[in-house]
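Visitor: I would like the atomic coordinates for the input below:
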Amino acid sequence: MNPSSLTRWRQRLGGKGIEALLSTTIDAAIESKAVKRGDLKRVTVDTTVQEKAIAFPTDSRLYNRARERLVRLAKAHGVPLSQSYVRVGPRLLFKNNRYGHARQLRTTSKLNAVLGRVYRDVERRLGEQRESVQGAFAEPMALTKRLLDQQRQDKNKLYALHALEVECIAKGKAHKRYEFGVKVSIATTNRSNLVVGAQSLPGNPYDGHRLSSALAQVEQLTGLRPERCYVDPGYRGHDVTDVEVFTARQKCGVTRSIGRELKPRNAIEPIIGHMKNDGLMHRNQLKGTDGDAINAILCGVGQNLRLILRHLRVFCLNIQPAFVHHPLLYSP
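Guide: Numbers count the residues shown, from 1 in each chain. Take a look at the predicted model:
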């Protein structure tokens, strides 16, 4: 299948159409008896980071990439430049990669200066060009100006020239301090680990402020309003009043049955791990904020299909041994 066909298919469906696909997998799981309908009343909600398919953002690489884009665009439209730094730029980037470990960052400032010279040169030359050429340079020049002006402590920084929606998110992981992508909310059933909700959260909002929207999506996809929701301590301060919300390590109001249901709350972590390793959430290739939302939902669809196939495989192995050697029963 041509990749462009899949792109047009996703664009036709949009976010609502992909959500309908996730709702269909939920209905299929109930009909195949992989999940009981009563399990939909107890859900677990957690957030993770869906990383974007970009290189690790460094100032030196971004400066050199922005210079290359301006030089390539100037050559394509016949805009003469005083100097393109075609040989100087890669050489400085190579030196910066060697000096970075020793924290010798003089080459970074040199790359910044080189980019500034090319930017000002292009800006002067564009005054002599026709409007169509100026329009072609409008977006790259704006991105370059934004890249040159941003400082280390600024918010809403530019981390990739081809993916402006990428955000820097710190989740407190020891092995990975920062992740570059978008925060994603995942909702699963507390008992059977069926994915009943997945949505992207652009802007890196506080988890507790988006719990109500996550539960609203679960109600929309399943047709049932959850009675109890189990979350981690990062959801303290939520604004949900019509659903009982219990956080991990909570003591007040926790009965014996609720305590038993709180124990499998941590099962959502390996589910997210499977969605990243078995699915495609570990590195999102889709474009824009719409691509972030669609990819998160499609990863939930894939996880549900794997759960249903695993249930059917066990059912056929136990009940119908005549079909044991069917290749579909051993699909991952």
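Visitor: mind checking how far the spatially most central residue of the chain is from L221?
Guide: Closest to where the C-alpha atoms of the chain average out (Cα atoms, centre = their mean) is Q50, at 2.8 Å. In this view, Q50 and L221 are 19 Å apart by Cβ to Cβ, to the nearest Å. C-betas here are computed from N, CA, C, even on glycine.
Visitor: Now do the top helix by length along the chain: distance to the chain's middle.
Guide: Across the chain, the helix with the greatest residue count (assigned by DSSP state H) is helix 288-319. A distance of 18 Å separates the C-alpha centroid of helix 288-319 from that of its chain, computed with Cα atoms, centre = their mean, to the nearest Å.
Visitor: Over to stretch 9-22?
Guide: The chain centroid and the centroid of stretch 9-22 are separated by 17 Å under Cα atoms, centre = their mean.
Visitor: Stretch 49-69 now?
Guide: In this view, stretch 49-69 has its centroid 17 Å away from the chain centroid, taken as Cα atoms, centre = their mean.
Visitor: so where do the strands sit in the stretch 151-300 of the chain?
Guide: Counting by DSSP state E, counting those that start in this stretch, residue ranges of the strands within the stretch 151-300 of the chain are 167-169, 179-189, 195-201, 228-231, 244-247.
Visitor: List the neighbouring strands of the second one plus their orientation.
Guide: Paired neighbours of strand 179-189 in the sheet (DSSP bridges): strand 42-51 (antiparallel), strand 167-169 (antiparallel), strand 195-201 (antiparallel).
Visitor: Could I get the full set of helices for this protein?
Guide: Secondary structure of the chain, counting by DSSP H: helices at 3-31, 59-76, 88-99, 106-126, 131-149, 211-222, 256-262, 268-277, 288-319.
Visitor: quick one, which of those helices is nearest to R42?
Guide: Nearest to R42 among these is helix 256-262 (6.0 Å), distances taken as Cβ to Cβ.
Visitor: List the buried residues for the closest one?
Guide: Using 16 or more other Cβ atoms under 10 Å as the burial criterion, the residues of helix 256-262 that qualify are E261, L262.
Visitor: from now on call the first residue 702
Guide: Sure thing, new numbering starts at 702, so read that last one as helix 957-963.
Visitor: Quick one: mean pLDDT over that helix.
Guide: In this model, helix 957-963 has an average pLDDT of 87.
Visitor: What is it packed up against?
Guide: With contacts taken as 3 or more Cβ pairs under 8 Å, 6 or more residues apart in numbering; DSSP states H and E, helix 957-963 sits against strand 929-932.
Visitor: Outside of the strand it packs on itself, list whatever touches it.
Guide: For strand 929-932, the surrounding residues in contact (Cβ atoms under 8 Å, 6 or more residues apart in numbering) are 742-747, 891, 908, 912, 916, 939, 941, 944-949, 959, 962-963, 966.
Visitor: before we move on, what about stretch 851-858?
Guide: Judged by Cβ under 8 Å, 6+ apart, the contacts made with stretch 851-858 from elsewhere in the structure are L859, C869.
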